[in-house]
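J.: With the input below, show me the fold.
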Amino acid sequence: LPVPLSLSLSLPLHTNMNMFRASRGLHSSLRRRVVDVPCCRFPGSSGLNVGLITRGFGSAPGAGGASSPLATPVSWRGLALTGLVSFGAVSYYQLVHEEKMSSNGKVKTTGKAMLGGSWSLISTKTGDFVTEKSYTSPTIIYFGFAHCPDICPSELRKLSKALAALSSKGIEVKGLFVTVDGARDSVSNLEKYSKDFHPNIEYLTGTPSMVSSMAKLYRVYVSKADEVDEGDYLVDHSIVLYFVGADGEFKDFFTQSMKVADIVKRVEEEVKGS
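T.: Purely as a prediction, here's the structure:
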């Protein structure tokens with residue numbers, strides 16, 4: 001309690017000093033008092049007090065008190081574990097993606113496809129008419145045209161490699177190139193074109209109506225593009241190799257994405273299984 005000035009002056013000096021010391025002690029004790037503040041309750045905690053924050057009245061928040069219960073140290077071990085898990089996830093995704101891409105070209109068919117039939121075209125090898133009955137060995141048929149800038153040469157090179165690989169195994173298969181551009185692919189033009197590919201590929205042509213009838217038997221898409229100059233145009237068409245057995249029946253087809261090894265394996269299975 002405050003002491004009247006008149007009373008304090010009338011007291012002995014040592015009494016005044018004692019009162020001054022008591023006053024300082026009380027003030028210091030008030031500054032040293034601490035308060036226990038309950039932390040917020042987090043979802044899932046069972047009680048209200050998760051931890052206590054202790055500080056003096058005269059100290060700044062966080063000074064001299066306990067560390068926050070939310071502080072989580074980051075260790076090298078944790079970083080290494082996170083990196084390992086991430087690397088494993090990325091590697092697994094790449095493996096699955098590669099397997100999926102490699103299997104995209106493999107097509108499984110069931111039942112009997114309604115492809116093929118009776119047809120008649122002109123062979124550039126002899127200049128005579130040939131039909132589906134002219135071939136007693138397995139054949140692989142490709143529809144294209146000699147003015148094709150890239151796709152047809154690429155597919156004929158693949159067919160050439162497949163025929164060579166099959167021949168090395170003692171399996172003779174005839175390749176048939178059927179033009180979809182009878183107006184420009186004459187016998188003489190196809191004969192020149194044939195020199196760049198395997199000798200066991202025979203080239204067939206005919207009138208536009210004959211060629212169109214043959215393409216429809218195998219459901220080949222054919223569409224003539226607009227002419228850039230007179231007589232200069234491209235032809236859009238299906239990019240498929242058709243495998244026909246020695247009995248003249250359609251067996252399977254090979255898409256553009258299929259590899260030479262896949263073609264060889266399928267033909268070998270069919271020939272040896274028959």
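
J.: What's the separation between Tyr142 and Ile151?
T.: The span separating Tyr142 from Ile151 equals 10 Å under the rule CB to CB, to the nearest Å. The way it works is simple: take the backbone N, C-alpha and C, and place the C-beta from them, glycine included.

J.: For the closest residue to Tyr218 other than its chain neighbours, report the pLDDT, please.
T.: The spatially closest residue to Tyr218, leaving aside those adjacent along the chain, is Leu115, at 5.2 Å (CB to CB, 6 or more residues apart in numbering). If you check Leu115, the pLDDT there is 90.

J.: what's the answer for Gly105, then?
T.: On the pLDDT scale, Gly105 is placed at 51.

J.: Do me a favour and get the end-to-end distance for stretch 168-183?
T.: Start to finish, the residues bounding stretch 168-183 are 37 Å apart (CA to CA, to the nearest Å).

J.: now swap in stretch 201-214 and tell me
T.: Stretch 201-214 has an end-to-end distance of 18 Å (criterion: CA to CA).

J.: and for that stretch, what are the contacting residues?
T.: With contacts defined as CB atoms under 8 Å, 6 or more residues apart in numbering, stretch 201-214 is touched by 119-125, 130, 156, 159-160, 163, 174-183, 185-187, 190-191, 193-194, 222.

J.: Repeat that for stretch 153-161.
T.: With CB under 8 Å, 6+ apart as the contact definition, stretch 153-161 has outside contacts at 140, 142, 144, 175, 177, 196-198, 201, 239, 241, 256, 260, 263.

J.: cutoff 7 Å now
T.: Ile140, Tyr142, Gly144, Gly175, Phe177, Phe197, His198, Ile201, Ile239, Leu241, Gln256, Val260 (CB atoms under 7 Å, 6 or more residues apart in numbering).

J.: Check those against Asp229 and report the nearest one.
T.: Minimum separation from Asp229 among the contacts of stretch 153-161 (CB to CB) is found for Gly144, which lies at 21.4 Å.

J.: Without its sequence neighbours, what residue ends up closest to that closest one?
T.: Of all residues apart from its sequence neighbours, Cys152 sits closest to Gly144 (CB to CB, 6+ apart), at 3.7 Å.

J.: Report pLDDT for the one you found.
T.: pLDDT, the model's per-residue confidence, is 97 for Cys152.

J.: That one should be in a helix, yeah?
T.: Yes: applying DSSP: H, G, I helix; E, B strand; the rest coil, one finds Cys152 inside a helix.
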